[in-house]
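A.B. asks: Can you look at this prediction? I've put the sequence above it.
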Amino acid sequence: MRTTVELTDASHEAISNLARRRGSRGLSEIVQTAVDLYLASLSAEEVEAVLGLEGSISEESAASMTAAMEESRGQWRTTA
């Protein structure tokens, strides 16, 4: 599944360097490995707590939050 992940410049540079050293063209494999390791480190209770959140907000609330985040991102400024 494709998704967008926001990284700091330092994290992006470190992951990019690691990918190059491993001969990878992209960051996906390294990010996937990191996510897998993180999820594996969670206790069963933590996993259940996270899974229990599914459906805890309405579709309308989720759409409203998504719209607010997208509007906020549109106002971000980056240095050149």
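C.D. replies: In hand now; what should we look at?
A.B. asks: which residues in this structure form helices?
C.D. replies: All helices of the chain, identified by DSSP state H, fall at 9-22, 28-41, 44-51, 59-73.
A.B. asks: Could I have the CA atoms of the third one written out in PDB?
C.D. replies: Pointing back at helix 44-51 there. Extracted in PDB, the C-alpha atoms of helix 44-51 (Å, rounded to 0.1, in the frame of the first residue of the first chain):
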ATOM      1  CA  ALA A  44      -0.100  -7.500  23.000                       C
ATOM      2  CA  GLU A  45      -2.000  -5.000  25.200                       C
ATOM      3  CA  GLU A  46      -0.600  -2.100  23.100                       C
ATOM      4  CA  VAL A  47      -1.600  -3.700  19.800                       C
ATOM      5  CA  GLU A  48      -5.100  -4.400  21.200                       C
ATOM      6  CA  ALA A  49      -5.400  -0.800  22.400                       C
ATOM      7  CA  VAL A  50      -4.500   0.500  18.900                       C
ATOM      8  CA  LEU A  51      -6.800  -1.900  17.100                       C
END
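A.B. asks: Report the angle between it and helix 28-41.
C.D. replies: Going by axes from the mean of the first three to the mean of the last three Cα atoms, to 10 degrees, helix 44-51 is angled at 120 degrees with respect to helix 28-41.
A.B. asks: hmm, who's touching helix 44-51?
C.D. replies: 39, 42 (Cβ atoms under 8 Å, 6 or more residues apart in numbering). Any C-beta I mention is one placed from the backbone N, CA and C, and that applies to glycine too.
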